[in-house]
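Novice: below is the sequence, then the predicted model.
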Amino acid sequence: MTRNGKLMTAAAAVIALVLAPVAAVASTSSPSASRHPVIIKVVEHANTDTVQKFHPPKSSRGDVLGWHNPVYNAANTQQVASDNGYCVRTAATGKTEWECAWTTLLPGGQITVEGPYYDDGTDTTLAITGGTGRYAGAEGSMLLHATGNPVGSEYDFIFTLTS
């Protein structure tokens, strides 16, 4: 082997030794690396919802919805938690919409979410913005699905925690 060939082989070996640990760390810290989302399903009973109208009696941008409701297990048979939060109406005509933020106080900690809600019961996906206790550092999303009789008197909260 020539002198240049030996230098090239040595350089390739050094590069491989330097890059191998970097590649190993990158593969184990990848978001898709062997982590599975955690799904939590609960049912909110929307029985304290109160709307403060900005321009009564009509609905208008700026109306505020506030609540502190009981939250039941996935089978909707036993209260296991509560939630509280607020929404501000952002669209008062056509497909009326609210922008919301709330906290679900679960056994072991809390999960906070933020995102849209529609008066007509359309499913929406809200961002999980954080948590406490066993949910500290929570990330992911929450599907909001209107149920109950009448529709909208109960809501499925389906949290998908990705971290």
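Specialist: Done, it's in.

Novice: from now on I want contacts and neighbour counts done on CA atoms only, so please keep to that.
Specialist: Will do.

Novice: my guess is Ser163 contacts Gly140. True?
Specialist: Yes. Distance between Ser163 and Gly140: 7.2 Å, which falls inside the contact criterion (Cα atoms under 8 Å).

Novice: among the two, which residue is more densely surrounded?
Specialist: Under the criterion of other Cα atoms under 10 Å, the comparison of Ser163 against Gly140 puts Gly140 first, with 17 against 14.

Novice: where exactly do the strands run in this protein?
Specialist: 38-45, 50-52, 64-72, 79-91, 97-106, 109-118, 124-131, 140-147, 154-161 (DSSP state E).

Novice: contacting residues around stretch 109-129?
Specialist: Here stretch 109-129 makes contact (Cα atoms under 8 Å, 6 or more residues apart in numbering) with 95-105, 130-136, 138-146, 151-152, 161.

Novice: filter those residues to the buried ones?
Specialist: Of the members of these, the ones counted as buried by neighbours, 16 or more other Cα atoms under 10 Å, are 96-105, 130-131, 135, 138-146, 152, 161.

Novice: ok, now which ones touch the spatially closest residue to Gly148 that is not a sequence neighbour?
Specialist: In space, not counting the residues next to it along the chain, Gly148 is nearest to Glu154; the distance is 4.7 Å by Cα to Cα, 6 or more residues apart in numbering. Counting by Cα under 8 Å, 6+ apart, Glu154 makes contact with Val43, Glu44, His45, Ala46, Ala146, Thr147, Gly148.

Novice: relative to Ala46, how far out is Glu154?
Specialist: Relative to Ala46, Glu154 is positioned 5 Å away (criterion: Cα to Cα, to the nearest Å).

Novice: picking that back up, now the strands of the chain in TSV, with mean pLDDT and distance to Lys58?
Specialist: Compiled in TSV, the strands of the chain are given as follows (pLDDT from 0 to 100; distance: least, Cα to Cα, whole Å):
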stretch	mean pLDDT	distance to Lys58
strand 38-45	98	26
strand 50-52	97	11
strand 64-72	98	13
strand 79-91	98	12
strand 97-106	98	15
strand 109-118	98	17
strand 124-131	98	25
strand 140-147	98	24
strand 154-161	98	25
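
Novice: is the residue nearest to Gln79 when sequence neighbours are not counted bridged to anything, and to what?
Specialist: Spatial nearest neighbour of Gln79, chain neighbours left out: Tyr72 (4.1 Å); criterion: Cα to Cα, 6+ apart. For Tyr72, the beta-bridge assignment (DSSP bridges) gives partners Val43, Gln79.
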